[in-house]
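**Student:** Could you work out the structure for the sequence below:
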Amino acid sequence: MGILSSEQISFQVKRQSGGAVIGIPRLPPDVDLSRPSAARIYDYMLGGSNNFPVDREAAAKLADVVPEFHEIAWANRGFHSRAARWIASQGVGQFIDLGSGLPTVGNTHEVAREVLPAARVVYVDLDPLVAVCATALRGDEAATFIQADLREPASLLEHPGLRRLIDFGHPVGLAMTAVMPFVADGSDPWGLVSRYLEPLAPGSYLALSHATGERIPPVAAQRWRDVYADAPVELHLRSRAAIRRFFSGLDLVPPYQGAEPEVTHLGLWGCEDPRLADSDGSRWGYCGVARKP
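**Tutor:** Next comes the predicted model:
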């Protein structure tokens, strides 16, 4: 299948607040349609429209061996929304959403503002298409988007856009959902998380989710990696123990009533009934929320 040029493509972004539709006549030149994008594949998994043939072709490599293909993304998105809402209910009114992805349902500022109407949110993503879609935030003085590489925390933490909205003297909700699987061991993903937590005030929270290959059929896990073989970033599946390391030095929150404080599968965090919340798609990832003491 041929790849369309940016001049041939027209797409729309639905503004989540108010329902208005923003038309974007052409893609910016730095959107590469010859390679799949992690953000656009995730958008496709969620049933979005901001994806292209190269993304859908990559995703098709997985869908034929993983019946719960779309459920994986929804399980992760559900965790993200429940965690953001819960953190806001603890009185935290400012959030940094790293690796935010394309706008979809349950965006951080929408969920947090259900609890705290004045909540402030800084979204961060490297994908240039996400930057285009972030035009939906224009006019929102309490939310902004920064196009940046999370592997460069020093420059991001000093970014004027972030400093305008985030007061490091008060607790912050740091969301890192489904982004660290795209950071290789050589970039020290655990050290990166620590670097972002370092300037945050006590009482801040980390909400993190991560794909895993544990208890997953080997052929399916390999196919999952193959989806991102041609993408700018590769997928790194990690064990529960490795994912638990991201929360070192923090106080993990029990994922549901009666549970011990620990990382758990995606669908279980914040659930009312763990028997009903458990699913095949949920088991593709581990997640947790933890408080900085």
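**Student:** For the residue most central in space within the chain, which residues count as its bridge partners?
**Tutor:** Among the residues of the chain, the one closest to the centroid is Thr177, at 3.7 Å (CA atoms, centre = their mean). Thr177 has these beta-bridge partners by DSSP bridges: Ser209.
**Student:** Now do the contacts for it.
**Tutor:** 76, 79-80, 83, 99, 207-209, 287 (CB atoms under 8 Å, 6 or more residues apart in numbering). All C-beta spots, glycine's among them, are computed from the backbone N, C-alpha and C.
**Student:** again, only this time at 7 Å
**Tutor:** 76, 79-80, 207-209 (CB atoms under 7 Å, 6 or more residues apart in numbering).
**Student:** Tell me how far it lies from Leu33.
**Tutor:** Going from Thr177 to Leu33 by CB to CB, to the nearest Å gives 26 Å.
**Student:** returning to what we had before: output the contacts of Thr177 as TSV; include the columns distance to Glu141.
**Tutor:** Formatted as TSV, the contacts of Thr177 follow (distance: CB to CB, whole Å):
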residue	distance to Glu141
Asn76	29
Phe79	28
His80	24
Ala207	24
Leu208	28
Ser209	29
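**Student:** Please check those and keep the buried ones.
**Tutor:** Neighbour-count burial (16 or more other CB atoms under 10 Å) is assigned, among the contacts of Thr177, to 76, 79-80, 207-209.
**Student:** How about exporting the helix ranked longest in the chain as CSV, limited to the C-alpha atoms?
**Tutor:** In the chain, assigned by DSSP state H, the helix with the most residues is helix 69-89. Extracted in CSV, the C-alpha atoms of helix 69-89 (Å, rounded to 0.1, in the frame of the first residue of the first chain):
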residue,chain,number,x,y,z
PHE,A,69,-5.5,-6.6,21.0
HIS,A,70,-7.8,-3.5,21.6
GLU,A,71,-8.6,-4.5,25.2
ILE,A,72,-4.9,-4.0,26.1
ALA,A,73,-5.1,-0.3,25.3
TRP,A,74,-8.4,0.2,27.0
ALA,A,75,-7.1,-1.5,30.1
ASN,A,76,-4.2,0.9,30.2
ARG,A,77,-6.4,3.9,29.5
GLY,A,78,-8.7,2.9,32.3
PHE,A,79,-5.9,2.7,34.8
HIS,A,80,-4.7,6.1,33.7
SER,A,81,-8.1,7.7,34.3
ARG,A,82,-8.7,6.0,37.6
ALA,A,83,-5.2,6.9,38.9
ALA,A,84,-5.5,10.6,37.8
ARG,A,85,-8.9,10.9,39.5
TRP,A,86,-7.7,9.2,42.7
ILE,A,87,-4.6,11.4,42.9
ALA,A,88,-6.8,14.5,42.5
SER,A,89,-9.0,13.2,45.3
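**Student:** Can you give me the buried ones in the following helix or strand past that helix?
**Tutor:** Going down the chain from helix 69-89, the next helix or strand is strand 94-98, by DSSP states H and E. For strand 94-98, a neighbour-count test (16+ other CB under 10 Å) marks 94-98 as buried.
**Student:** okay, among these, which ones form the most distant pair?
**Tutor:** Gln94 and Leu98 (13.9 Å; CB to CB).
**Student:** so where do the strands sit in the stretch 151-293 of the chain?
**Tutor:** Under the criterion DSSP state E, counting those that start in this stretch, strands of the stretch 151-293 of the chain are mapped to 173-177, 205-211, 251-252, 264-265, 285-291.
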